[in-house]
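Chemist: Got a sequence here, can you model it:
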Amino acid sequence: MKRQHSTDFSRLWRYSVGFYGVWVAHIGRQMRLFDHLDTKPMSIEELITSTKFYPAAVRAWCSAAEAYRLVISKNGKLQMDKKMRRILINKASPDYLGGQFSYLALRSLEYGAFGELFRSGKIRKTTSTLNAVQEATDWDHYAFLAAVRHHKKLHRMLSIGCKVLDVGCGTGGMLAKIHKEYPKSSLVGIDPSTKALAMARQITPSKPVTLIKASSESMKFANEFDIVFLGESLYMMKDKERGLSNCWRALKNYGTIAIMEGLLPRSKLNNAARQLIMGMQLDFALQGQMFMNKNDIALLLNNRFSNTRFEDLGGNVYLVTAMKK
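Modeler: Numbering: from 1, shown residues only. This next block holds a predicted model:
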């Protein structure tokens, strides 16, 4: 007799299956197995020969990747199809999720610390998993640049050449992408992490980008920048009022602040996007941070900025722009 499962059982079963799916996708990206199969179709043995990896590990991954339909098999050879290429490999694609899988896998290595968080409130600094943050923000960067192309003012300013400050520039990925897209603009990045800035210098070694060790709360710029960009960094500010006050001071008159941030949804519907951000809220608690909502952002900006505009980029990520009063 076939066993009947409840809806809740089936839902929770999918969560456990999804956990392994995250790791299969991350391993395929981390070990560049997807890249090999994207070059040309290969049998499992050809993939082992090409990568020179441990055969048993490659065979296990191939079986799992095919079971999860991350790769497809045709005539005895594994390959990437176009949809999976857009989702797992092509960072510029609006469908790109590869970095999210790697972020979740790499961050989960820290989750043994949740016991200490609940018992004593001890947190873990984000800098312990900078590589995870770097993976997750690629989609944000390309989404920001895509939004800028449709934002007449920002696109015109960057195309002609303006001065941009990236507050909380992290490992420098956004600065490198802005320079490639808008080479006439002058770029400055600040971050309080020595480790992050060292990685940023590796990413931008031949680019005219200035990197400075400083936090939003300690920076001393005044009337220097046309655009101040905060990419997933506002939520990390310990003193948001002071940090935004310094951003206001750093801008020239009528300069633009551009904030890219994941925001808590108003709806309590249990859709996938809400489930993801609420799950990440627990992850953020481990880092001593919390997501904000639209009202939080608006209240922070209204004292010093005008013409606040929210643009939904998908997945509860927003581009918020406002002008210095």
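
Chemist: ok, the closest residue to Lys77 other than its chain neighbours to Glu261 distance?
Modeler: In this structure, Lys77 finds its nearest non-sequential neighbour in Pro41, 3.8 Å apart by CB to CB, 6 or more residues apart in numbering. Quick note: C-beta positions are derived from backbone N, CA and C, even for glycine. Taking CB to CB, to the nearest Å as the measure, Pro41 and Glu261 are separated by 41 Å.

Chemist: Tell me which of these two has more neighbours.
Modeler: Using other CB atoms under 10 Å as the criterion, Pro41 and Glu261 rank with Glu261 on top: 21 against 18.

Chemist: Does that one fall in a helix, a strand, or a coil region?
Modeler: Assigned by DSSP: H, G, I helix; E, B strand; the rest coil, the conformation of Glu261 is strand.

Chemist: Correct me if wrong: it contacts Tyr318.
Modeler: Yes - using CB atoms under 8 Å, Glu261 is in contact with Tyr318, at 6.1 Å.

Chemist: gap between the longest helix that the chain contains and the chain center?
Modeler: The longest helix of the chain (DSSP state H) is helix 7-30. Relative to its chain's centre, helix 7-30 lies at 20 Å (CA atoms, centre = their mean, to the nearest Å).

Chemist: i'd like the first residue to be 53 from this point on
Modeler: Sounds good: first residue 53 from here, last item helix 59-82.

Chemist: Give the next helix or strand downstream of it.
Modeler: For helix 59-82, the following helix or strand on the C-terminal side (DSSP states H and E) is helix 85-91.

Chemist: which parts of that next one are buried?
Modeler: Neighbour-count burial for helix 85-91, with 16 or more other CB atoms under 10 Å as criterion, is recorded at Leu85, Phe86, His88, Leu89, Asp90.

Chemist: Check stretch 370-377 too.
Modeler: So stretch 370-377, judged by 16+ other CB under 10 Å, has buried residues Tyr370, Leu371, Val372, Thr373, Ala374, Met375, Lys376.

Chemist: right, and out of those residues, which lies closest to Ser270?
Modeler: Nearest to Ser270 among the buried residues of stretch 370-377, counting by CB to CB, is Lys376 at 20.2 Å.
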